[in-house]
Structure formats: structure tokens, C-alpha cells
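# this is a predicted model, with the sequence first.
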Amino acid sequence: MKETYNFNQIESIVQKKWKTNNTFAANIDTSKPKYYCLSMLPYPSGNLHMGHVRNYSIGDAVSRYKKLKGFNVLQPMGWDAFGLPAENAAINKKVHPQDWTEENIEHMKHQLNSLGFGYDWNKEINTSDQSYYKFEQELFLKFYEKGLAYRKKSLVNWDPVDKTVLANEQVIDGKGWRTGADVELKEIETWFLKITDYADELEEGLENIDWPENVKNMQKNWIGKSKGTEIEFETDKNFTLKAFTTRPDTIHGVTFFGISPNHPIVKELMQDDVGIEDFIEETKQISSAEADQAKADKVGYKTNLNIIHPISKQKINVWIINYVLMDYGTGAIMGVPGHDERDFEFAKKYDIAIKRVIDSEAELPFSGSGPLVNSEDLNGLMPDEAFDKISNILAESNDAKILYQYRLRDWGISRQRYWGCPIPMEYKDGEARPASTLPVLLPVNKDGTYEPLHQNESFRYPEPGIERETDTFDTFMESSWYFARYMSAQNNKKVFDENTNYWLPVDLYIGGVEHAILHLLYSRFFFKVLRDLGLVEGDEPFKKLLTQGMVLKDGAKMSKSKGNTVDPKEYIENYGADSIRTFMIFASPPEQSLEWSDNGLEGCHKFLKRLWALSYRIKSLKDEDFGESKDILIDECKDLFIKINDDYDKRLNLNTVVSSCMEILNNINKKFTAKGIEASKEDLMTVYDFLLVALSPIAPHITENLYQEVLGKELQEAKWPDKKFFEKNESEIKYLIQVNGKVRANIMIDSALSEEEVKQLSKEHENVSRHLENKDIIKVIFIKNKLINFVHS
RNA sequence: GGGGAUGUGGUGGAACUGGCAGACACGCUGGAUUUAGGUUCCAGUGCCGUAAGGCGUGGGGGUUCGACUCCCUCCAUCCCUACCA
């Protein structure tokens, strides 16, 4: 054993050993409970960034801990390899996206290995590989057969110079990012998945999963289920208009009626009102030029159409209003300015009557609850009572029904790009049908070049009369099911085999909170469909979710544009993987953001150096160097053992695992005094052994090396200590003695003593008696095994 | 506008169910080793006070024997989302 900590050498030796021994290969083993620990797979952009390092350090720590606890652990890794950056790089560097991607994967895989993450690489997947995406095409066709995939017109961003569709992030200030041309909205046919069919289940399922409350809330709000009444209003023309409202109880407060500029009825109204067209043009300009701006002014146009109020039978003006959205509800609203903020603002602007129908002290607009007023039969009722009553009344006279509306829209999955999974459909006489041969591979020219699918004639028209779909899938498709594919990654015949249901569901999923809505919602939806197709078992894919915080530098998110990125590479070289991993875990709790600090990393590195120095010292000790004192060191560390156990198991507060390990190290070091070692050999070795085991999930290289060097044992064979190890010796209890709530002493008291004896002993304590002198004790709070509080006047 | 998170020393952060506030680190100060720097080791380090003691967890109020923790209210910062009837 060398005297100095040579991390480079140790880490490469240990990593080689893992590779040779296939240490992280995961296979079905019914003798152990299984644990599937998954970290979100990266996009192969070329380099790992600190966010990845943090994410994967947490995942690896949990995986290794679970292995020590006797679980059969699966920790896979793969590449979310389709996407826009590959195409941009292809253009800039004149290489094929596939070559660029593969090169990046190779490099990043090397980086992951140099950090010592224990992945089962036998199960690696690359979503841009046909062995992966061919199954995606099969799955899509199953969705299609089930009626869950359909085609519909939708608006896309069109760059008129490049003649291409742009993603939202490629539109900057309404202009194409490459050409700078004004982006136009164009309507084209695109594919959708009917996620809305699962809206209710997606919402209800949230109750059964162990996810952070904020993420569940975000999904719940995104689904946006709301109960309301759809009411059909008669007009003074020969048709009716439907409006959806969550507050039918305020029906007597209706003073205007609003329809969306995109409402189908608008075209008819235009025929005898020339002003409408100008107004529509105006609103379009506002919405496109200021699409990104949060608040467009509320504007409206008063038509000569009226609805008939279903109760009062009065005529009420119909307005075309820009804040009424066509794709929510029926595209029409009943305007209740007294009790809706938007309607209030609108009514003020156009001088429309504002009527109070809910009594309260609050000023209008008031959207809360209170007894109804000015509402005829409904007066005195509370809103929810009135909701039912009026809905029933309206159901008889007008066509009204109670129903639920969702904010959630169907998922548009078409992308007009090359580097994605081709949508396996074709068209004959304009009719869509599944592609006649599968898989539909991405075409690559012989010279290694490529062109967009719609420009590739031989791809687009494989035979006369047949036109292939030239769109590719949204890359969220690949990430919606990859977690179920890892375990059968080598199976080229079946998408999911017996391994799939052995390992699923994912026991712990770790990733950034930025995926809280889309990726995590799409994955849940996909999983439920796969279940209904009989392909997987269970209702939810991710049992527990951990959303790790961002890595910040100088208080800001790291980004190239800010120039505050920190490249993991140089730090791995200068400090080693174990130091970086330890810092990533130590610097803050997993869910919170982490402030990068060179000094902090240095501190962790010093900790590992001290661990090495101690180990070197221990190794050179002889039996006679040890002292006699039994149990003292173990007693001193007991609370730390318990804390580490809890932190790993219950709370996932890994940062305090590290600090507890530091304390254990400090405790051991203190036993080396000028007079000799103040601990027995057995005690010291017990504590040292646990220190290595406890730290090994976080800093696996140094601990594995020391376990072998100093203790002569293999860490891979080590087990987490059993319950007994974490039990406290309770013959003496530390009591906290307070006077008027202030701590004045703490003393060790024999746990066999009675309450009275304990009180007496406490009162006698010098510092306590001093504070009780000449005072009348009014009350004594006694909490067994914890504290006594003497309360005086 | 809506939803959520956070607020504790000079800094990152501890304090699990109300019970020793500031663990563990960083930084800083002093000392030892060193020709010097770095490394390493030792000591100190919330604020006021010589001390006893007092004050302190964004501000104000409350519940309690006791509040960083629970309740009310206000403020600040960050994130997500957005005219969803």
C-alpha cells in the first residue's frame, strides 16, 4: 500500500476489475427482492455536463446501497439519440447525424465509465438505432389499430425561406433562427395520440405513486380537469350556441356572451357584417406579433347577434372576443363580469353592465363563494347547491348537461425533420394506412449524405400510387417507453420479454424537474396503453420519483451563453471520480439546487485524502498498539450509524450521509493520541469497516481499494450491517434539563430511575439549581428519556 | 393572474415526528512544520459583552412549558404555467 492517495491509479484498477468481473450485470434472481433504479438517459450532445454527473452520482449511490442491502439491482443506461442538435451539427460540420451521434456516444460512455457508475452495459440502448425504433413503429401501429392515433390539421411554424417547419425553440421573436425571416403559421396534417382518452386515469393515478407533491400538482394542473355545465343558448337567428361554464350558478349575472374569433359561426356572421373581418385581422396581428407576450389586451367586437337568456328571456349581445379560446370548451363563454376577472376587465372596457349575484363583502369581481342574490329562485343558495339546481332546471328547458372539461390536449407527435423515427404510415389515394413493410428505415445515401424525407423522392414514393409519410416522431416518443425496453434490449424478436415484467416497475426514477410534465406524463400514458395492449403489467411505470435540483454556478444555471459552465473532465483528471461524486452528493440535498464550488470540491478531496492517511496508519498498526477501552468509540459513533442508515433508507438525504462519514473519520482520528490509541482493536476495526461500507456507494473506488488493502476483504461481498448494529445501548439516557424552556444542563441518567428520582437529580445540578434559586416552581414538564423543563414564575 | 419552492453565520448547508440552533464542510484568523509558497497538523471562528449573561433562523403577530419547525399576515428571491370560462 502506498502512503499517498493516488486516485488515478486506484480508479482505473478498480474500474477494470468491475469490467472483467461483469460486476453490474443484472439477471433475474427470484431469491432476492428486485430493485430497478433508473436515471434519465442523456441526449448524446458530446460531453457530459455537471447536471448529468449529479443525476448519475445520486442514482449510482442508491443502486450500490440497495445492493449492499441485499437487493437484486438493475441500473441501466442508454442514449436518447434522436433530435435536432444532431441535424444542426450535421449541417455545420458536414457529417451525417448518425456518425456525429455515434461518436458522441462513444465519448460520453467513456466519461460515464471514468466516473465509475455501475451500469449494466449489456442492456444499453440507443434510441436512434433501428433495433430500437423498429419496435417503436410496431407499438405506434398498435396504438393506431386501437384508435389511439389519428390525423388532424394543426398549425406549425413555417420558415418561408428555408421552406421548413420550425420547432418552437427555433422561433426567436417571431423570426426563423437561421434565416431571420418572419415565421408564418401554416396549417398541415399531423399525427396525434389520444392521450385525452386517459385523462381521468392519469389524474387519479397520481394518488398511488410516491412522487414529490409539486410534480403531482403540476401534472394535475396540466390535465386541468374541471366540472362544469354546458349550456345551449338560443339566439335570435335560427341556430343555437353552446357555452361551457364552471359557474352555472352565476347565470343571472350574465350580461354579455363571448365567442372565439375562430368560432365556426364567425364566418357566417361575416357575411352581413363587414366590420368583423377587419377585427379578426387585427386580433391575428396581436396574437402573432406578441405571441410570447403574456398579456394581450382584451379586445372584442360587438356583433348584431343576440342570445336569449334562458331564464329572463332577455336579449344579450354576442361579442367576438380575443380571450375566448376555440380549443377549450365550446369556444364560447357566458360573460359574468361580476364574478370573473377577465369578464370584469372586458365589461369595464366596453361599458357593459356588471351585476352582482353572489353576496360578499369583497368588491367585484368576486370569484369566491357566498349566498346568491339577484338570482330569483336561486337566492340564498350557496354556489354548489345552486350549481345542481340550475343545471337541472336548464337541462329541462334548454339542452344543458353537467360534464368535465380538460385542459389536456391530444399529443401532437409529427415532426417535419430527418433525424427521428419515421412514422410508419403510407397513403394510397389520400387514405392513410400502415406501411406495407416494416421497419421503415431512415434512408442514408451511399455517399453518406442525407436529405429531408419529403425531399427524398425514392423514399417518398416507394412505388406508383403510394406516398409515404415523411414526418418523424416527436423525440418524446422514444423516451416514453425506453425504461421498459432496457431489460430485453438484446432481444431482437420481442419488444418486451419475461425480463420486462420481472424488473418493472421502476422503483426509483431520478431526473430533472424540467421533465415534470411532458416526459413523465407521456411515459405514464404510454405505459397504460401498453398495459391495455397486454404488453406490460401494472398501472404506473415509476413508483418513486426523485427530482434532483440544478447545478448552479455563481447562483445561475450553467449555460454556454452565460459562459459559466464547468467541464467535468478536468476535475475528474485533477481530483478523481470519487472526489467529484462525493462533492456532488455532499454539497446539498438531492432535490435542491447545488452551487458549484472549486473549494467545496477540494474539501471533499481532502476528506478522501484523510481517509487514505488513516487507512495507511491502521494498516501499519500491530495488535499491541491498540488500547483497552471497549465500546467507547462505538458508542460515540452510534448516533451517526443510525443517521446514515435512516438517511439512505427513508429520506434519501445523501448529503448528510457524507457529513456523518466525515464525523466518523474525525472520531476515529481523535483516538490516535500522543499516549497511544484510545480504542480496542475490535472497536476501531468495526467502526472503520462500517465507514468504508457506508461511504462506498458514494466513493466506490477508494473504499473498494481500502477494503481489500486494509481489511483483506472484497467490498462486493460486503453486506449492510443488520438491525442490531443500529440499536442503541439504553442503560443510560441523556436528559436535557431546561428552566423556563432554556437548556441549562444535560446529564446522563440511569434509565432504571423513577421519574421522581430523575427530577430530584436534575434539580440538584449546579447550573440548574442556580437558576431555580428563590423561585417558585409552577410546573414541571417531564418527557421520559428526553427532557425535564422546570417552569417558574 | 394561477401553482409551487425557498429564505438559518462571511459561504454551501445541518437540526428526521415541536425539545441543546449553526452539525459537517468552505472561507477567514492565529500557531506548528517548511528557506519560501503549497501540502499537512493544532487552536479559534453567529452577534453583543471582560464576564455572568443576553440577543439571534426574512419582518410582524399568535398557539405552546418550549417554535427554524405549527397557525395568521406581510416581504424577498427563484422555478413552472398562463386569458382553460
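Happy to help now that I have it.
# going forward, measure contacts and count neighbours with C-alpha atoms only.
Noted.
# show me where pLDDT drops low in chain A?
A:167-174, A:177-178, A:285-296, A:561-562 (pLDDT under 70).
# ok and the residue in it nearest RNA strand B?
Nearest residue of chain A to RNA strand B (Cα to the nearest atom of the strand) works out as A:Thr245 at 2.9 Å.
# list phi and psi for that residue.
Dihedral pair for A:Thr245: phi -140, psi 140, per degrees, to the nearest 10.
# stretch A:104-111: how far from the chain's middle?
Per Cα atoms, centre = their mean, to the nearest Å, the displacement of stretch A:104-111 from the mean C-alpha position of its chain is 25 Å.
# for stretch A:684-701, same thing?
32 Å.
# contact partners of it?
For stretch A:684-701, contacts defined as Cα atoms under 8 Å, 6 or more residues apart in numbering pick out A:10-11, A:14-15, A:57, A:60-65, A:116, A:577-579, A:581-582, A:585, A:633-634, A:637, A:644, A:657-658, A:661, A:664-665, A:668, A:702-704, A:706-707, A:711, A:715, A:718, A:720-721.
# looking at those, which are in helices?
With helices taken from DSSP state H, the overlap with those comprises A:10-11, A:14-15, A:57, A:60-65, A:577-579, A:581-582, A:585, A:633-634, A:637, A:644, A:657-658, A:661, A:664-665, A:668, A:702-704, A:706-707, A:711.
# of those residues, which ones also sit close to RNA strand B?
Contacts with RNA strand B within those, counted by Cα under 7 Å from any atom of the strand: A:Val658.
# work out for me the element A:Tyr616 sits within.
helix A:598-619 (DSSP states H and E).
# that helix vs helix A:577-586, what angle?
Between helix A:598-619 and helix A:577-586, the angle comes out at 120 degrees (axes from the mean of the first three to the mean of the last three Cα atoms, to 10 degrees).
# report whether helix A:598-619 contacts RNA strand B.
Yes. Counting by Cα under 7 Å from any atom of the strand, RNA strand B has neighbours in helix A:598-619: A:599-600, A:602-604, A:606, A:610.
# buried members of these into PyMOL, please.
Buried subset of the residues of helix A:598-619 next to RNA strand B, written as a PyMOL selection, criterion 16 or more other Cα atoms under 10 Å:
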select buried, chain A and resi 600+604+610
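# quick check: the two most widely separated of the residues of helix A:598-619 next to RNA strand B?
Largest separation among those by Cα to Cα: A:Asn599 and A:Arg610, giving 16.3 Å.
# returning to that earlier point: which of the contacts of stretch A:684-701 count as buried?
A:10-11, A:14-15, A:57, A:60-65, A:116, A:577-579, A:581-582, A:585, A:633-634, A:637, A:644, A:657-658, A:661, A:664-665, A:668, A:702-704, A:706-707, A:711, A:715, A:718, A:720.
# for A:Thr190, which residues are in contact?
By Cα under 8 Å, 6+ apart, the contact set of A:Thr190 is A:151-154, A:412-414.
# swap that for A:Gly253, sorry
Counted by Cα under 8 Å, 6+ apart, A:Gly253 has contacts A:336-338, A:354-357, A:375.
# of these, just say which sits nearest to A:Gly147.
Among the contacts of A:Gly253, A:Val336 lies closest to A:Gly147 (Cα to Cα), at 39.0 Å.
# from what I can see that closest one touches A:Pro248, true?
No. Checked against Cα atoms under 8 Å, the pair A:Val336 and A:Pro248 is beyond contact range at 10.0 Å.
# A:Lys401 versus A:Gly258, what's the distance?
Counting by Cα to Cα, to the nearest Å, the gap from A:Gly258 to A:Lys401 is 20 Å.
# ok, back up a step: reformat the contacts of A:Gly253 as JSON lines; add neighbour count.
Formatted as JSON lines, the contacts of A:Gly253 follow (neighbours: other Cα atoms under 10 Å):
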{"residue": "A:Val336", "neighbour count": "27"}
{"residue": "A:Pro337", "neighbour count": "27"}
{"residue": "A:Gly338", "neighbour count": "26"}
{"residue": "A:Ile354", "neighbour count": "21"}
{"residue": "A:Lys355", "neighbour count": "19"}
{"residue": "A:Arg356", "neighbour count": "22"}
{"residue": "A:Val357", "neighbour count": "25"}
{"residue": "A:Ser375", "neighbour count": "19"}
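# show me which pair in those residues is furthest apart.
The farthest-apart pair in the contacts of A:Gly253, when distances are taken by Cα to Cα, is A:Pro337 and A:Ser375, at 15.0 Å.
# ok, the residue lying closest to A:Gly46 once chain neighbours are set aside - contacts?
The shortest distance from A:Gly46 to any non-neighbouring residue, by Cα to Cα, 6 or more residues apart in numbering, is to A:Asn104 (4.4 Å). By Cα under 8 Å, 6+ apart, the residues touching A:Asn104 are A:44-47.
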